[in-house]
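[1] structure of the sequence below:
(chains A and B)
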Protein chains: 2
Amino acid sequence: MNFELFYTDYLKKLQAYQLAFNTISFEQYTIAPKDGIDYSNEMLAILSKEAFQIENNPDTIQKMKEYYNRLEDGLEKKEIQYRLEAIADSQSIPSDVYGASVKLAADSMMKWHEAKEKDNYEIFKPYLKQVVESQKQLISYSPRFTGNNTYDLLLDKFEKGMNQEKYDAFFEKIKENIIPFIQKIKESGTSIDDSFMHKTFSIERQEKFMDTIGEFLKIDKNKVYLSTTEHPFTSSFSHGDARITTHYYPDSFLSAILSTVHEYGHALYGLQVNPEFEGTMFYEPLCAAHESQSRFLENHIGRSKAFWQANYKDLIEQFPEFKDVTVDALVNMINKTECSLIRTEADELTYPLHVLIRYEIEKEIFAGNVDYDTLPTLWNDKYEQYLGIRPNSDATGILQDVHWSDGSFGYFPSYALGSAYAAQLYRQLEKEVDVQQVLENNQFEVIANWLKENVHMYGNSKSMEEIVEIVTKEPFNPDYYIQYLIDKYSKLYQLK
Amino acid sequence: MNFELFYTDYLKKLQAYQLAFNTISFEQYTIAPKDGIDYSNEMLAILSKEAFQIENNPDTIQKMKEYYNRLEDGLEKKEIQYRLEAIADSQSIPSDVYGASVKLAADSMMKWHEAKEKDNYEIFKPYLKQVVESQKQLISYSPRFTGNNTYDLLLDKFEKGMNQEKYDAFFEKIKENIIPFIQKIKESGTSIDDSFMHKTFSIERQEKFMDTIGEFLKIDKNKVYLSTTEHPFTSSFSHGDARITTHYYPDSFLSAILSTVHEYGHALYGLQVNPEFEGTMFYEPLCAAHESQSRFLENHIGRSKAFWQANYKDLIEQFPEFKDVTVDALVNMINKTECSLIRTEADELTYPLHVLIRYEIEKEIFAGNVDYDTLPTLWNDKYEQYLGIRPNSDATGILQDVHWSDGSFGYFPSYALGSAYAAQLYRQLEKEVDVQQVLENNQFEVIANWLKENVHMYGNSKSMEEIVEIVTKEPFNPDYYIQYLIDKYSKLYQLK
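    As a prediction, this is how the structure comes out:
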């Protein structure tokens, strides 16, 4: 990017603070000793305030506006436009209101933890209410706030350009097609025995096999650090540094593998964005875009027959226990579908229904139609209605996800949208590349490179909707996602 | 501490930047992927500049001076005095001079690495010259600079209150007593066979035994993170967070253990300083003080018979290879003395001579008496004269230590001084605590607590010279150190 010096300096400074936040936070989740966390949280708050002041310095913003007006159309102008929009959304928020919201989010998350542990929604209820009110208040300072578009603006925050109207159309298709299709599978009576996937294997052996998978995916240890945490996540530090965490379960061999493949999808994105975008609004893609890449790797590569065929020899060598399981049987187990209560453990087919439920409840919350006293019942009713199973506890129901506790409303829907983007992109990859052949030949770099050239390099300089259209030469169409799921599972469950 | 708000805010901000530096730097040495280092270095430079501006803001300094004048004598006043002194030393340095020195130090360190790898002093020579000139220039801006006290001010930087006169007296005693004593040992003909210590043991087994030692030392995993790096070091993050690194060698079983015990001495210091001092000039003790605590643990605890007696059962259990080695034989091997070329691998007795050599050469350098062309010869001559062995390469001679490459002149002498402080402190501990009994009873916390109450809690609010005098009720006296070494090694080598 070719910015004027004042703006390059501004970006560099913000990058430096961002690296400090990323590093300190990453350590809190991984290697930092527990007793240092309160201290580092206090220091993070001080650094955030410093960065906030630099970011929102009125003189700099004035300079940016003048610069924006001087600039001709192009990437530079677009970047500054994005930044001025983001600043506009936050700059009118009084600092005490902002401070209170940060404090509330932290307290609320703590209470959510306690409530989940004690399996008691009542502990979290008053905080949930307050967090919703706090989000409404924050959004009301946006110049784009019209009086009744709070949820639209929240959706837009996590995926630029999205709103209720677009998500309604998207989820309507999911609802219409996936719910009856799952019913059809149930009625078919076909079932897959995946008890083999739940044999107990030591973490040491799993880690060793993970190295094998890492080599297959050509994970570059000079660029990627792999660690373990309770909840797997990815943190992109720079174009040369991505951090992935995973979680090993002795009785769920597959979990760590698919989780690492998923997180590597995120990591690869961060590593392959045009390095010129580093530090700009274009560097860090938004949620649905990011999720499209993690799901791309997890579902279309990590759950594919070609992937397991390519790694089968190593699998049998390291786990002779699998020697009587054919590749086909293995892939069937890996893709087994089953209506279950926990989103993060859901299979590819039922996953969007978990998201649908959260989306519908969020809409009701921001429409003001929700009675907080009976929210768990609303949640459970929807699980019963869409998935045919009813949670018998708050912990496996309304309290299962962390997102609402810190006010991340509007985030969930992007998960399902990401899967749909992934399906359409994968369809195109298959037209251009012989995926089966490439994986069998141990050439994952061909796929990584395809993703780089066609998707990753744009970063956030284009929306994923635009990217999908450029790559596939037609507009984004969720029908491809639905068709992909129905084709895959029809075959798996031998439906006509 | 009870400071006015403006000053507390100032300290807190600097603490926050310090945590960011510590965290990013620690990661660079441990978990950070290699390809992210250039980026994080660039970001560190930006954050340093931000912190420097906050630290040296003229308005704040003016406020501090007024505050200092208003304050009554006490800890608060002393802290601000220390800070104003430190600021005075650096604030007149023009920013281009300072910037050039930082750049030179980085380049020079790189060249030193290359020179050591290629075993060629000529590569490093021009940089060494420049680094010396750069240090002279930086010191010349100090208000305490008189025209010919550069090296005194460098010594003071690493141990407040020290100068050539005091160090000369100290090293003269070392020279007079230790050199002839080592000669006496050589002439006695007694030798200790420690080939057992160089059996090959897998790193996994060594790590397991390190856990045992960690439990014995009551290392609290909620406060201490242990990692591995090429060169072991400690980084104190806060009163609840210390990082230790160690290095395992398959054929040097003892090395990792003593290195961890040494580093834990540093870590414990940081964890046990009065938490009220956090963020102040009193929090981070200076070099000799710090080294006194690491050597205290390494030499007086980690190399003691009581320590190995207490851990003998576990040792034999985990390393049955040692079952025919008695505790006495083991402790003899651990304490074997031998004139060798490498400081970091030297035993307790020869160690101060390695430091003496560096001290004498540094004095010559800053007295302007050194010919850079023949510096390696000067080094080698001194090794031959004091230790009776002559390096046959630059890598094992003049190039072995990193310190001079980034301009840390005046640092080395504090290593020997720290050992002397440790000896006098340990003598007092023995009067107050039955160390043998305490270690045998697996009560290391008694010693840790004694150190906390008598040494650590003061942090840098008193000099180690003052602390030694308070604890032992007599002035610091290096004779105790010399006597301790002579007694210990006379017994070990059965000298009369």
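
[2] surely residue A:236 is within a helix?
    No: per DSSP: H, G, I helix; E, B strand; the rest coil, residue A:236 lies outside any helix segment and is strand.

[3] list the contacts of it.
    A:22, A:242-243, A:266-267, A:269-271, A:284 (Cβ atoms under 8 Å, 6 or more residues apart in numbering or on different chains). The way it works is simple: take the backbone N, C-alpha and C, and place the C-beta from them, glycine included.

[4] buried ones among these?
    Those of the contacts of residue A:236 that meet the buried threshold are A:22, A:242-243, A:266-267, A:269-271, A:284, by 16 or more other Cβ atoms under 10 Å in any protein chain shown.

[5] show me those that map onto strands.
    Using DSSP state E, the subset of the buried ones among the contacts of residue A:236 located in strands is A:242-243.

[6] tell me which two of the buried ones among the contacts of residue A:236 sit farthest apart.
    A:22 and A:269 (15.4 Å; Cβ to Cβ).

[7] quick one on the thing from earlier: filter the contacts of residue A:236 by proximity to chain B?
    Residues of those in contact with chain B (Cβ under 8 Å from any Cβ of the partner chain): residue A:242.

[8] now, the buried ones among the contacts of residue A:236 that are in helices?
    Among those, the ones falling in helices (DSSP state H) are A:22, A:266-267, A:269-271.

[9] may I see those residues arranged in JSON lines, with pLDDT as well?
    Converted to JSON lines, those look like this (pLDDT from 0 to 100):
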{"residue": "A:22", "pLDDT": "94"}
{"residue": "A:266", "pLDDT": "97"}
{"residue": "A:267", "pLDDT": "97"}
{"residue": "A:269", "pLDDT": "96"}
{"residue": "A:270", "pLDDT": "95"}
{"residue": "A:271", "pLDDT": "97"}
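
[10] and the residue of the stretch 51-200 of chain A found nearest chain B, what is it in contact with?
    At 8.7 Å from chain B, residue A:54 is the closest residue in the stretch 51-200 of chain A, using Cβ to the nearest Cβ. By Cβ under 8 Å, 6+ apart, the residues touching residue A:54 are A:10, A:13-14, A:17, A:60.

[11] same question for residue A:372.
    A:125, A:128-129.

[12] who wins for neighbours among the residues you listed?
    residue A:128 (23 neighbours; other Cβ atoms under 10 Å in any protein chain shown).

[13] give me the mean pLDDT for stretch A:417-431.
    For stretch A:417-431, mean pLDDT is 97.

[14] can you check stretch A:169-185 too?
    Rounded mean pLDDT across stretch A:169-185 is 97.

[15] do stretch A:130-138 as well
    Stretch A:130-138 shows a mean pLDDT of 97 in the predicted model.

[16] what sits against the residue of the stretch 251-400 of chain A found nearest chain B?
    Nearest residue of the stretch 251-400 of chain A to chain B: residue A:278, at 7.9 Å (Cβ to the nearest Cβ). Residues near residue A:278 by Cβ under 8 Å, 6+ apart: A:15, A:238-239, B:39.

[17] now do residue A:341
    Counting by Cβ under 8 Å, 6+ apart, residue A:341 makes contact with A:383, A:389, A:391, A:396-397, A:400.

[18] and for residue A:294?
    Counted by Cβ under 8 Å, 6+ apart, residue A:294 has contacts A:234, A:262-263, A:265-266, A:418.
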